[in-house]
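K.L.:
Sharing a model prediction with you, sequence too.
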Protein chains: 2
Amino acid sequence: MVQKVRIKRTSGSLRREESLSREQIIETSIELLDGSGEGGLTFRTLSERLATGPGAIYWHIANKSDLLTAACDAIIARTMNAPLASLTPGATPQAIIRLLALAMFDAMDEHPWIGSALTRAPGQSPMVRIVERIGQQIRILGVPKKEHWVTVSALLNYILGVGGRNAANGQFARTQGLDRTDFLEAVSTAWSQLDPEEYPFARGLAAQLRSHDDRKDFLAGIDLILRGIGSPHRT
Amino acid sequence: MVQKVRIKRTSGSLRREESLSREQIIETSIELLDGSGEGGLTFRTLSERLATGPGAIYWHIANKSDLLTAACDAIIARTMNAPLASLTPGATPQAIIRLLALAMFDAMDEHPWIGSALTRAPGQSPMVRIVERIGQQIRILGVPKKEHWVTVSALLNYILGVGGRNAANGQFARTQGLDRTDFLEAVSTAWSQLDPEEYPFARGLAAQLRSHDDRKDFLAGIDLILRGIGSPHRT
DNA sequence: ACCTGAACACCGTTCAAGT
DNA sequence: ACCTGAACACCGTTCAAGT
């Protein structure tokens, strides 16, 4: 859904028909970020797309950090609301957490820049949305209140960690002009050639690395943590 | 340990005595990054500190990304080797993993920039070092070979996720001119004022947030995952 | 109230020219 | 072989001036 900008020709120079809106700026930013990565969002390219000057943006947005947070928040809001629609009535909290986590995984896959945007906005709106949705399920699971923060934290950190690393892989691959398969191939080959004395484990991992499925492994990690939540403490 | 640069005065202009070395560039970069954050490393400030011109760096280093990865690798190499010294002989794999994880936590606390540097270098040297050390313990734990990657992955992603978020908190706080306590106070207050209808869980978390201990919670998360590794699969 | 667009103070990187 | 430093092509952000 590419934003369409109405343009009116007045006295020889191009001029926007309606006034710029914050929402319009954010949507166009998302398009730019999705299309050409973190480096693709520039006040100059953005204002060009919006048929205005770079200074105009600042009337609606404080600065670039604010813009990134707002764009991120828009994505997260959609992501945290979507899975609720596809819920079967009797779903367990575990199942819902898996669904939410997967939704985050897919969102971070589709919009690789939100990872670092989330990092720029700790404790702010996007983060709160995620904490809330996961937290409600933690509560239903019967985790004692004292452990709420630790538990949500663990899941959150894992999810954001994976997202960040996946985004990194994609970005790195793109810089090298590789697709995902080529990239894994390259890393796998590099690891298989490591010194067997110094890196026996990583070396042995090369084969698994080549053919693994990010999404499946992500979910396996979620399950690992969920099992941990369900296991008795060692005291 | 501030690098000392020997300078010789030749024919009126300052000139370095020994030639520039890659290692020297990296050490000075680390000092700059530690001292003034990610934005503190600039080819101009760096070359100034090294008493040379910005172009000179490029004889020893490919580009900024290469520089960041090298600086990160130096830190990670130290971090992954240090804990081995303080080991009691009969330590369990779990204990060693906890030790390694804590070492990473502390390193990321001391050098908040390594999180994003690691992100820039997936599958490269710094990452391999971490995977290797943790992986060896996973093997000793008796995790089946097929699950090696998934298991290391889960731990790694969690550790990097926490590190990233902690770095973000610190950086954000610094931008706002707050210290850690003020920052937590601010977030906690903001969360306690959230709409109780929409954000009941996050709202109730505000108090826990205010007084929590990052390092302790980090370790609790590691234990959660370790418990998960030790629990039987639901099939 | 909202926009324009030149200007400012930065970046990373390159490269002819020096030693 | 290694370094110099001006120059290039960018950034985010500001702000007087316009409508």
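P.N.:
Right, received. Where do you want to start?
K.L.:
Dihedrals phi and psi, the residue in chain A positioned nearest to DNA strand C?
P.N.:
Using C-beta to the nearest atom of the strand, the point where chain A gets nearest to DNA strand C is A:Gly55, with a distance of 1.5 Å. In short, each C-beta sits where N, CA and C put it, glycine included. The phi/psi pair for A:Gly55 (degrees, to the nearest 10) reads phi -70, psi -30.
K.L.:
same check, this time on A:Tyr58
P.N.:
phi -70, psi -10.
K.L.:
where in chain A is pLDDT low?
P.N.:
A:1-18, A:234-235 (pLDDT under 70).
K.L.:
And the helices in it, which stretches?
P.N.:
With DSSP state H as the definition, chain A shows helices at residue ranges A:22-36, A:43-49, A:54-57, A:64-85, A:93-110, A:114-120, A:125-140, A:148-175, A:180-192, A:200-211, A:214-230.
K.L.:
now the second one, how far from the chain's geometric center?
P.N.:
In terms of C-alpha atoms, centre = their mean, to the nearest Å, the centre of helix A:43-49 is set 23 Å apart from its chain centre.
K.L.:
Give me the contact list for it.
P.N.:
Contacts to helix A:43-49, defined as C-beta atoms under 8 Å, 6 or more residues apart in numbering or on different chains, come from residues A:Gln3, A:Val5, A:Ile25, A:Thr28, A:Ser29, A:Glu31, A:Leu32, A:Gly53, A:Pro54, A:Ala56, A:Ile57, A:Lys64.
K.L.:
let's go with 7 Å and repeat that
P.N.:
A:Thr28, A:Ser29, A:Leu32, A:Gly53, A:Pro54, A:Ala56, A:Ile57 (C-beta atoms under 7 Å, 6 or more residues apart in numbering or on different chains).
K.L.:
so what's the fifth one up against?
P.N.:
Contacts here follow C-beta under 7 Å, 6+ apart; on that basis A:Pro54 touches A:Phe43, A:Arg44, A:Ser47.
K.L.:
Let me know how buried the one residue in chain A that gets nearest to chain B is, in neighbour terms.
P.N.:
Residue nearest to chain B within chain A: A:Gly161 (2.7 Å; C-beta to the nearest C-beta). Using other C-beta atoms under 10 Å in any protein chain shown, A:Gly161 is surrounded by 26 other residues.
K.L.:
which of the contacts of A:Pro54 are close to DNA strand C?
P.N.:
A:Ser47 (C-beta under 7 Å from any atom of the strand).
K.L.:
Would you list the buried entries among the contacts of A:Pro54?
P.N.:
Neighbour-count burial (16 or more other C-beta atoms under 10 Å in any protein chain shown) applied to the contacts of A:Pro54 gives A:Phe43, A:Ser47.
K.L.:
now, which of the contacts of A:Pro54 sits nearest DNA strand D?
P.N.:
Checking those against DNA strand D with C-beta to the nearest atom of the strand, the nearest one is A:Phe43 at 3.8 Å.
K.L.:
What distance do you get for the closest one to B:Pro93?
P.N.:
Between A:Phe43 and B:Pro93 the computed distance is 51 Å (C-beta to C-beta, to the nearest Å).
K.L.:
ok, stretch A:164-180 near DNA strand C or not?
P.N.:
No - Stretch A:164-180 is not in contact with DNA strand C by C-beta under 7 Å from any atom of the strand; minimum separation 10.7 Å.
K.L.:
picking up where we left off before, neighbour count says what about the contacts of helix A:43-49? Which are buried?
P.N.:
A:Thr28, A:Ser29, A:Leu32, A:Ala56, A:Ile57.
K.L.:
Right, I'll call it a day here.
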